[in-house]
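Undergrad: Let's see this in three dimensions:
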Amino acid sequence: MESVASRLAAAQRFGAILFCVGFLVVGVTLFLAPSHAFPSYLMGFLFWMGLTLGCFPVLMIYHLVGGIWAVPIRKFLEAGISTLPVMAVLLVPLLFGFGYLYRWIHPVDLRTAEVLERKEIYLNMPAWLIRTALFFCVWGAQAFLLLRWSRRQLESSDPRPTLALRKISAPGLIVFGLTTSFAVVDWVMSLEPDWYSSIFPLIIIMGQILSALALSIVLARTLLFGADEATPDQLNQLGDLLLTFVMLWAYMTISQIIIIYAGNLPNEITWYLHRMRGGWLSLSWVVALFAFGVPFFLLLFRHLKRAPTWLSGIAGGLLVMHAVCVFWYVAPSFRSSISFDWLDPFAFIGVGGAWVLVFSRQLSHNLRLSTISGQSA
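TA: The predicted structure follows:
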């Protein structure tokens, strides 16, 4: 326990340093070169926000179906949803960069202007702000209820907290899916307002779940020791879950490509054309190979899923690929050819530093509570 506490303390210090360095550079650049800084900041925000949101459905699925698979990762999921307030604060700088991010503020071509005339009642800044506030209120209420009843569940053997968590999680998954889908439309899809897809929000949600699950597996491998360490059966079930969501993400991604390819309509294929030209196609193949092909093949082998080193390695690779996917989703909307702006890593570590700081602090608190509950029991 002391070793874990010292590592979490070091993570808090490291997160604070990253936050200060990253935000110092990005904060200055937001004023000096906003057209470069805001897209980079948006990509960093979307990655870390994806980790926060991805913890919600995994945690609610556990409360609904149970299982030994969540025992070693539950504390990480609860610490993940606890980062929601800091992500709400980190969203604020984006409000000053609307003109540099979203073309629907001032359409630059006739076709986009014609499309936006039909979407004006939805795509306008007051409506965007109201919806975003509503999303965070809903997610905040879900996080509050999940953490509150989870704490009560740890403190007593009364079955009522368990029943309450089930009642919260059943409708909670539906509400979460709806609010997150609309958030994806507002934050990501509206970057190219003349494009639409009914499957894309689900693709993003599957990626968020994958990233949260992958991070939890990596942390379970690096932080838990002794009695708390995941057993081979737990690892096997976590590996099965990873495989399931990898397949779901790939199925939805391929379905979207097939449907858009079959339709061959200008207002549908534009998004893919931006990701097939200027060198972006090579990154598309990297995403296909390492976000699906390689992990899918490796997760077919039972002995690899039961091996902590192998499973955490696969999970770590999927976590890295989630960052690449976010870059692939967003960057082509601003860059005609594949390029990596020097501000991208600073925005990533700036937002990530704040996330790591809050996450590690909350995780340390959760571990102390579980230790006290275990001693009381």
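Undergrad: Tell me if I'm right that Leu101 and Leu95 touch.
TA: No - if you go by C-beta atoms under 8 Å, Leu101 and Leu95 don't touch, sitting 10.1 Å apart. The C-beta positions use only the backbone N, C-alpha and C, and glycine is treated the same way.
Undergrad: Does Leu94 touch Gly44 like I think?
TA: No - Leu94 is not in contact with Gly44 according to C-beta under 8 Å; the separation is 10.5 Å.
Undergrad: on that earlier part again, tell me which of Leu101 and Leu95 has more neighbours.
TA: Leu101 (21 against 11; other C-beta atoms under 10 Å).
Undergrad: Count the neighbours of Glu78 for me.
TA: Using other C-beta under 10 Å as the criterion, the residues surrounding Glu78 number 21.
Undergrad: check contacts around it.
TA: Glu78 is in contact with Cys55, Leu59, Leu146, Leu147, Ser150, Gln362, Asn366, counting by C-beta atoms under 8 Å, 6 or more residues apart in numbering.
Undergrad: Kindly report the same for Thr29.
TA: Shown in contact with Thr29 (C-beta under 8 Å, 6+ apart): His36, Ala37, Leu343, Phe346.
Undergrad: so where is this structure shaky, pLDDT-wise?
TA: 1-2, 107-115, 225-228, 369-377 (pLDDT under 70).
Undergrad: hmm, 50 instead?
TA: Along the chain, segments meeting pLDDT under 50 span 110, 373-377.
Undergrad: Point me to the residue sitting closest to the centre of it.
TA: Compute the mean C-alpha point of the chain, and by C-alpha atoms, centre = their mean the closest residue is Gly50, 1.5 Å away.
Undergrad: which non-adjacent residue is nearest that one?
TA: Gln208 (4.2 Å; C-beta to C-beta, 6 or more residues apart in numbering).
Undergrad: Trp48 is in contact with the one you found, correct?
TA: No - judged on C-beta under 8 Å, Gln208 makes no contact with Trp48 at a distance of 10.8 Å.
Undergrad: how many other residues sit next to Pro159?
TA: 9.
Undergrad: hmm, back to that, which SSE is the residue nearest to Gly50 in?
TA: In the assignment (DSSP states H and E), Gln208 maps to helix 200-223.
Undergrad: which secondary structure elements does that helix contact?
TA: On a contact count with 3 or more C-beta pairs under 8 Å, 6 or more residues apart in numbering; DSSP states H and E, helix 200-223 meets helix 2-32, helix 34-65, helix 74-81, helix 160-187, helix 232-263, helix 308-330.
Undergrad: okay if I get those as JSON lines plus distance to Gly140?
TA: Below are these laid out as JSON lines (distance: least, C-beta to C-beta, whole Å):
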{"stretch": "helix 2-32", "distance to Gly140": "22"}
{"stretch": "helix 34-65", "distance to Gly140": "11"}
{"stretch": "helix 74-81", "distance to Gly140": "10"}
{"stretch": "helix 160-187", "distance to Gly140": "11"}
{"stretch": "helix 232-263", "distance to Gly140": "25"}
{"stretch": "helix 308-330", "distance to Gly140": "23"}
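Undergrad: of all the ones you listed, which lies closest to Phe296?
TA: helix 232-263 (5.6 Å; C-beta to C-beta).
Undergrad: Now do the following helix or strand past that closest one: distance to the chain's middle.
TA: For helix 232-263, the following helix or strand on the C-terminal side (DSSP H and E) is helix 266-274. The chain centre lies 25 Å from the centre of helix 266-274; the measure is C-alpha atoms, centre = their mean, to the nearest Å.
Undergrad: I'd like to know which elements helix 266-274 is packed against.
TA: Helix 266-274 sits against helix 232-263, with contacts defined as 3+ C-beta pairs under 8 Å, 6+ apart.
Undergrad: buried ones in the helix it packs on?
TA: Buried residues in helix 232-263, counted by 16 or more other C-beta atoms under 10 Å: 234-239, 241-243, 245-246, 248-250, 252-253, 256, 260.
Undergrad: Kindly report the same for stretch 268-287.
TA: Those would be Glu268, Trp271, Tyr272, His274, Arg275, Trp280, Leu283, Val287, for stretch 268-287 by 16+ other C-beta under 10 Å.
Undergrad: how long is it end to end?
TA: Distance between the two ends of stretch 268-287: 21 Å, counting by C-alpha to C-alpha, to the nearest Å.
Undergrad: follow-up on the earlier one: could you verify my assumption that the residue nearest to the centre of the chain touches Gly207?
TA: Yes - using C-beta under 8 Å, Gly50 is in contact with Gly207, at 6.6 Å.
Undergrad: any common contacting residues for those two?
TA: Common neighbours of Gly50 and Gly207 (C-beta under 8 Å, 6+ apart) are His322, Val326.
Undergrad: Which of the contacts of Glu78 sits closest to Trp187?
TA: Comparing these against Trp187 with C-beta to C-beta picks out Cys55 as the nearest, at 18.0 Å.
Undergrad: looking at it, that closest one is touching Lys75, isn't it?
TA: No - contact criterion C-beta under 8 Å: Cys55 and Lys75 do not qualify, at 11.0 Å.
Undergrad: okay, these two: which has more neighbours?
TA: The neighbour count for Cys55 versus Lys75, taken as other C-beta under 10 Å, is higher for Cys55 (30 against 24).
Undergrad: Enumerate every residue touching the more buried one.
TA: Phe76, Leu77, Glu78, Gly80, Ile81, Ala212, Ser216.
Undergrad: how close does it get to Ser284?
TA: Distance, Cys55 to Ser284, by C-beta to C-beta, to the nearest Å: 28 Å.
Undergrad: Could you identify the pair within the contacts of Thr29 that is furthest apart?
TA: Of all pairs drawn from those, the widest gap by C-beta to C-beta lies between His36 and Phe346 and measures 10.9 Å.
Undergrad: I'm done for today, thanks for sticking with me.
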